[in-house]
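[1] From the sequence below, what's the structure:
(2 chains)
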Amino acid sequence: MTTRPGMARLARRSRRGGLPYVLLVVMLLVFVVLPVVAGQQVTSFNYYNLFQVFASLGLLSVALGLTMIAGEFDLSVLGTYAFAGLVAVKLGADDPVVGLLAALVLAALIGALQGALVAWFRLPSAAVSLGVYIALLGLTATISDSKTVPYNNLNVSDVLDRQYLEIFSLRSIIAILAVAAIAVTMTYTRFGRDVRAIGSDRRASLRIGVRVDSILVVLFVLSALLSALGGSMLALSLAAATPDPGFDPLIFALTAVLLGGVSLRGGTGTVLGIAAGILTLSLLRELLTVLATPTYVSSLATGGLLLVVAFAAAPGLNAWWLSMRRPTKRVAEPPSLSRVG
Amino acid sequence: MTAENVTAADPDTTVRAPVPSERRGPSSSAPRMLWGLVVLVAVSALALTTDGFVSVANARAILSSVSFTGILAVGTVVIMLSGNLFSLSIGTSAAVSSMLFLYLLPDVGFVLAVLLTLVAGYATFALQGAIVGRLDGNAIIVTIGAGALQVGAVTWLLPGSVQVPDGVDIGFLTRSVLGLPFPLYVFLAVALLVQCWLHYSATGRQVELVGENKAAARAAGLPTGKLVTVAFAVAGLCTAITGILLAGFNQNANLAVSGTFTFDAIAAAIVGGSSVIGGRGSAARAVLGAVIIATIANMLLLRGFGTGVRVLVEGIVVVLVVVAAQRRKRSIA
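    Numbering: from 1, shown residues only, chains lettered A, B, ... in the order given. Next up, the predicted model:
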């Protein structure tokens, strides 16, 4: 008797774990078939673009997903993303490597500060990171005078974006390696297990001796580094840094992370799942480009998709659905005295 | 079956129960007041040493700029009180309301345009509140997604910029009444109404209870989903009102009107001393926060700093206030 619900739960969990990959395969099929039906051409350049998106917005998504697995919500990655691009372009005027390193170091400091605040003061990370995000936005606006900052060394862009094997570039290879390294760390090391433990039950983790504080600080640093890597490489490759990218990158990242099977309550989700989510969403965006849809359609599509995913990921949806089907058995109904008697 | 229900609801209640009592403890309010006093003294000291700050004209400038942020801050506080952080598209929604109002104005007349804009704001936010409250959706994600949808819909359906139609005069929306700008009266009226609603109506008090301890509110039989929906809807009304006033102020409307309103409103709400995670806050605190933010903005402007520095300072202040408000909760983990 006891094993069967257990098995069912296990099956359900594995099915949920596999969903990001199923979605990716479905989206890939759509991407291959739909343009043909519509009389459009998909070339290897479209696949190259896919990985270019992975190298910018993809890194931002992994950055956001990492803290979410630990049950935190770090809005500041969006600020780090923009700030790092600006730093790379400003300080990398002579040597792009210097710019890149400066961006990474500054981002790591921001991440450490934020992680320390969240961990030591037990602050709600959404509020702290919103403050940090606003501050970074103000900082980029001040440094850039609210104008796009051009980068004059166009060779850097050539080196970063030259096609390898048709569909890769130095930029996307760096991004893929970085994400792979994070994925291996999260899957096979104690650090990764601890992060998931913190995300699923922080009290229990503390009790059994997980060093929650230091893990959170390291995690916020890693997250800041990833988003800074994405932002700075993007700015160098575009040869321009935008002071305020708006919420679009964050919308992409949130959708990708949720598509990737990360739960907002923390504890679930894998980096590989997030990667699948990123590719699925990039395919959708590329599809919209190939089919030449007007911009408002993609705005509606991305906003709508985020709401749909947030809807599907909402913990209450299951309970609500159950209460709809079986109105007599309310899930969270308060115990009433009459029933006890 | 009942026993199962009890165990299902219980862990949350027992885990959360100590938090409010500690937050409400007699020892905790004194340092917070001290902290507030320090901020007030620091801001006033900086303000008084700024050239041209102390003048009637400048006081009027602060009071006129405080209204828009202030009304949005009141809405933000209501969302915070319901325990759902904040809306990250409240500025966008204000701009959308502004455009909608001017778009409707020539066809349906002033009164109906105001009413329809209010209804639209109410409905847009109530929908987001329903997803957040009934389905436990994440407020930040839902509001960002809703913001993108609104931008998409407006870009699709409305012209990029809407002007005040010829022959229609909505100048009274910005005219001075008894020496003070009209939006200021609206702001104070909205703050007073919301304050009374939160304090004296059953619904308002229940909204606060949900934010204080959702599990306990649910266990007590409160309709938590409905209450969160109502809280968002009230914020939607505030947003629509801001949009209408902005239309009068700018004499046209486009999406760029949103500017830094979202951040200004959240910063004002937090700086006023309302808790981001619910349980403590009021419309009066939102007024205080809006005045502080407007004073800081005005001071920076007089000292020759741009918008960027203002936003930077806002962000830093938000972090500081959040740290200061929560620092005694170190023991809870």
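[2] How is chain B divided into domains?
    B:81-257, B:260-322 (automatic domain parsing).
[3] ugh, wrong one, chain A
    Looking at automatic domain parsing, the domains of chain A come to A:12-292, A:293-331.
[4] Indicate which one of those domains is closest to B:I293.
    domain A:12-292 (11.6 Å; Cβ to Cβ). The way it works is simple: take the backbone N, C-alpha and C, and place the C-beta from them, glycine included.
[5] Which parts of the chain are strands?
    No chain in the question, so chain A it is. A:149-150, A:163-164, A:168-169, A:240-241 (DSSP state E).
[6] hm, I was asking about chain B
    B:161-163, B:176-177, B:180-181, B:252-254.
[7] for the record, mean pLDDT for stretch A:248-261?
    Stretch A:248-261 carries an average pLDDT of 92.
[8] burial measure for B:N254, as a count.
    18 (other Cβ atoms under 10 Å in any protein chain shown).
[9] From what I see, it and B:Q163 are in contact.
    No. Contact criterion Cβ atoms under 8 Å: B:N254 and B:Q163 do not qualify, at 9.9 Å.
[10] Does stretch B:82-89 reach chain A?
    Yes. Contact of stretch B:82-89 with chain A (Cβ under 8 Å from any Cβ of the partner chain) involves B:85-86, B:88.
[11] one step back: by mean pLDDT, show me the worst of the strands of chain B.
    strand B:176-177 (a mean of 80).
[12] ok, B:G243 - contacts?
    Listed by Cβ atoms under 8 Å, 6 or more residues apart in numbering or on different chains, the contact set of B:G243 reads B:93-101, B:117, B:121, B:253.
[13] go again using 10 Å as the cut-off
    B:68, B:71-72, B:93-102, B:117-118, B:120-121, B:253, B:257-258 (Cβ atoms under 10 Å, 6 or more residues apart in numbering or on different chains).
[14] Find the residue ranges of the stretch 1-150 of chain B scoring beneath the pLDDT cut-off.
    Along the stretch 1-150 of chain B, segments meeting pLDDT under 70 span B:1-33, B:35-36.
[15] let me fix that: chain A
    A:1-16, A:315, A:318-341.
[16] With only the CA atoms kept, save stretch A:24-38 in PDB.
    What follows is stretch A:24-38 as a C-alpha-only set of coordinates in PDB (Å, rounded to 0.1, in the frame of the first residue of the first chain):
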ATOM      1  CA  LEU A  24      12.900  21.400 -26.300                       C
ATOM      2  CA  VAL A  25      12.400  18.500 -28.700                       C
ATOM      3  CA  VAL A  26       8.900  19.600 -29.500                       C
ATOM      4  CA  MET A  27      10.100  23.200 -30.100                       C
ATOM      5  CA  LEU A  28      12.900  21.900 -32.300                       C
ATOM      6  CA  LEU A  29      10.400  20.000 -34.400                       C
ATOM      7  CA  VAL A  30       8.200  23.000 -34.700                       C
ATOM      8  CA  PHE A  31      11.300  25.100 -35.600                       C
ATOM      9  CA  VAL A  32      12.200  22.700 -38.400                       C
ATOM     10  CA  VAL A  33       8.700  22.200 -39.800                       C
ATOM     11  CA  LEU A  34       6.900  25.500 -39.400                       C
ATOM     12  CA  PRO A  35       9.200  27.700 -41.500                       C
ATOM     13  CA  VAL A  36       9.000  25.100 -44.400                       C
ATOM     14  CA  VAL A  37       5.300  25.200 -44.300                       C
ATOM     15  CA  ALA A  38       5.400  29.000 -44.200                       C
END
